[in-house]
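compute the structure for the input listed below.
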Amino acid sequence: MRRFSGIRHPRGSPLIPAGLLALSMVFALCGPTAAPAGVEKPGDGARCGSVDLVFAIDKTYSIGRAIGEAKAEVRRLLDRVADVSAGRYRLGLISFRDDIDVDLDLVDGEGPEAADELFRRALFRLRAEGGGGGPEASDEALRTAVEGLAGGGARPQRGDFSGDWRAASRILVLITDNLPGGFDDLFVEAVDGANARAVAGAALARDIRISAIYIPTDGNQPTPDPRKAEVMRAYALLTGGLFIQIQRSGSGAAEAIAEIIEACGAKTVS
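Reported below is the predicted structural model:
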């Protein structure tokens, strides 16, 4: 199996609101929460134990290269999931712009081969189009995954997500280059920032680690908006996941996903 290499981490640390930093420090000192009764724990040759792995992927035009890398490397990435879980895993996929598509629900399949095939089909259906540079519904896509929300009604979501997280390692991977904006294409800190933090809190309560892969694109602006990295980093800090900033072009996405899988979606606390 070919080794991934070349993970690129940002230099320096974006400023994070003091309240978020304090909460993340408390979480780090407490360590990961214990697995609920009846949930499989790591063992039997599985580094991560059983794995529930769900992706929430921005599918606006600027994410095209990152999606392309994930498609090109999907076989190797799925092999890694199988390796760290000893074949005990389930997969899910949610995509978003200013609305949400549940492309693959997190449900029991007929085994790893069937799960792999369903995931590959869902991933290859993604097309990076549109976007217009504004905030996207990343916060609401995460909420769909964490809380198990159904589509329809007033919620601009196609498809239902069961939210039946029960593996020993519960990994939610967010890939985006923009601020969370709910469904209105706007970012207001008091509303959307608070919503993002609430989603992180709900994930932590369910023992779900959010790992954020940030792509620092900003159109024709000379530097990325620092608030984007702040929000993405906060998801990881508050839930014990990983934050990885890749290249502006989207290159490095597959390597970042591989790093998250190998870490069982959880940042090591030393």
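
going forward, measure contacts and count neighbours with C-alpha atoms only.
Fine.

three-state assignment of the residue nearest to residue 47 when sequence neighbours are not counted?
Sequence neighbours aside, residue 84 is the residue nearest to residue 47 in space, at 5.0 Å (criterion: CA to CA, 6 or more residues apart in numbering). Under DSSP: H, G, I helix; E, B strand; the rest coil, the three-state class of residue 84 is helix.

ends of stretch 80-100, how far apart?
27 Å (CA to CA, to the nearest Å).

how distant is it from the center of its chain?
9 Å (CA atoms, centre = their mean, to the nearest Å).

over to stretch 189-207?
14 Å.

low-confidence ranges in the stretch 101-250 of the chain?
Applying pLDDT under 70 to the stretch 101-250 of the chain picks out residues 133, 219-222.

any idea where the strands of it begin and end?
Assigned by DSSP state E, counting those that start in this stretch, the strands in the stretch 101-250 of the chain fall at 157-158, 169-176, 209-214, 243-245.

tabulate these (JSON lines), appending mean neighbour count and distance to residue 148.
Below are the strands of the stretch 101-250 of the chain laid out as JSON lines (neighbours: other CA atoms under 10 Å; distance: least, CA to CA, whole Å):
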{"stretch": "strand 157-158", "mean neighbour count": "18", "distance to residue 148": "12"}
{"stretch": "strand 169-176", "mean neighbour count": "26", "distance to residue 148": "13"}
{"stretch": "strand 209-214", "mean neighbour count": "29", "distance to residue 148": "15"}
{"stretch": "strand 243-245", "mean neighbour count": "25", "distance to residue 148": "24"}
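
of all those, which one comes closest to residue 135?
Nearest of the strands of the stretch 101-250 of the chain to residue 135, taken as CA to CA: strand 169-176 at 10.0 Å.

elements contacting the closest one?
strand 51-58, helix 138-147, strand 209-214 (3 or more CA pairs under 8 Å, 6 or more residues apart in numbering; DSSP states H and E).

any idea which of these is most buried?
Mean neighbour count (mean count of other CA atoms under 10 Å) peaks for strand 209-214 among the helices and strands packed on strand 169-176, with a mean of 29.

related to what we said a few turns ago, between the strands of the stretch 101-250 of the chain, which gets nearest to residue 198?
strand 209-214 (12.7 Å).

ok, back up a step: the strands of the stretch 101-250 of the chain into CSV, with extra columns for distance to residue 266?
Formatted as CSV, the strands of the stretch 101-250 of the chain follow (distance: least, CA to CA, whole Å):
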stretch, distance to residue 266
strand 157-158, 29
strand 169-176, 8
strand 209-214, 6
strand 243-245, 10
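
ok so, going back, the residue nearest to residue 47 reaches residue 48, doesn't it?
Yes - contact criterion CA atoms under 8 Å: residue 84 and residue 48 qualify, at 5.5 Å.

more neighbours: the two, which one.
residue 48 (25 against 22; other CA atoms under 10 Å).

and the more buried one, helix, strand or coil?
Going by three-state DSSP: residue 48 is coil.

could you number the chain from 18 rather than 1 from now on?
All right, first residue 18 from here; so that's residue 65.

separation between it and residue 90?
Counting by CA to CA, the gap from residue 65 to residue 90 is 21 Å.

just residue 162 next, same as before
Where residue 90 is concerned, residue 162 sits at a distance of 24 Å (CA to CA).

now residue 224
From residue 224 to residue 90 the distance is 28 Å (CA to CA).

neighbour count winner among those two?
A count of neighbours by other CA under 10 Å puts residue 224 above the other of residue 224 and residue 90, at 24 against 15.

wait, what's in contact with residue 192?
Applying CA atoms under 8 Å, 6 or more residues apart in numbering, we find residue 192 in contact with 72-75, 229-232.

beta partners for it?
Taking DSSP bridges as the rule, residue 192 bridges to residue 74, residue 230.
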